[in-house]
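Visitor: sequence first, then the predicted structure:
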Amino acid sequence: MKKDSKHEECCDVTEVHNNIVDAVSMDLPEEEVLYDLAELFKVFGDTTRIKILYTLFEAPMCVCDIAEVLNMTQSAISHQLKILKNAKLVKNKREGKQIIYALDDEHVGSILKMGIEHISE
């Protein structure tokens, strides 16, 4: 006899494990922090932005180089870079007449690397 899939995902009894609930409740971040985290992950929800981040994971580059690697317009890249910069995922610096973009810090690279590892399992 086939079991109902909804039934398989629920406990057969109602029992609250207060020690676990209390411990988790104490460690749960503030609502504002959770909101900010959700907003950060929304930025990762766009394939173009992921491509740009992965490109910058390999090497810092100017908009022209990123556009060439991804076969996109500089305007499209600039638009996405602005979103990534506002989310503090990329930074830039001027080198002469060029602006070079890079990942903001090692955490961004770690997030990308962990994501790749996770989907590769």
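Guide: Thanks, I have it.

Visitor: OK, contacts around the most centrally placed residue in the chain?
Guide: Geometric centre of the chain, nearest residue: residue 44, 3.8 Å, by CA atoms, centre = their mean. Applying CB atoms under 8 Å, 6 or more residues apart in numbering, we find residue 44 in contact with 50, 53, 111, 115. C-betas here are computed from N, CA, C, even on glycine.

Visitor: list the buried ones in the strand or helix carrying the second one?
Guide: Remark: residue 53 resides in helix 47-58, with elements defined by DSSP states H and E. By neighbour count on 16 or more other CB atoms under 10 Å, the buried set for helix 47-58 is 49, 51, 52, 53, 54, 55, 56.

Visitor: ok, residue 88 touching residue 104?
Guide: Yes. Using CB atoms under 8 Å, residue 88 is in contact with residue 104, at 5.4 Å.

Visitor: just checking, what packs against the helix or strand hosting residue 20?
Guide: Taking DSSP H and E as the criterion, residue 20 maps to helix 18-27. In terms of contacts (3 or more CB pairs under 8 Å, 6 or more residues apart in numbering; DSSP states H and E), helix 18-27 is packed against no helix or strand at all.

Visitor: contact partners of the helix or strand just after that helix?
Guide: As assigned by DSSP H and E, the chain's next helix or strand after helix 18-27 is helix 31-43. With CB under 8 Å, 6+ apart as the test, helix 31-43 has contacts from 28, 29, 49, 83, 84, 87, 89.

Visitor: and the average pLDDT for the helix holding residue 53 is what?
Guide: When pLDDT is averaged along helix 47-58, the result is 97.

Visitor: mind listing residues that contact the longest helix along the chain?
Guide: With secondary structure taken from DSSP state H, the chain has its longest helix at helix 106-120. With contacts defined as CB under 8 Å, 6+ apart, helix 106-120 is touched by 44, 50, 53, 54, 57, 89, 90, 103.
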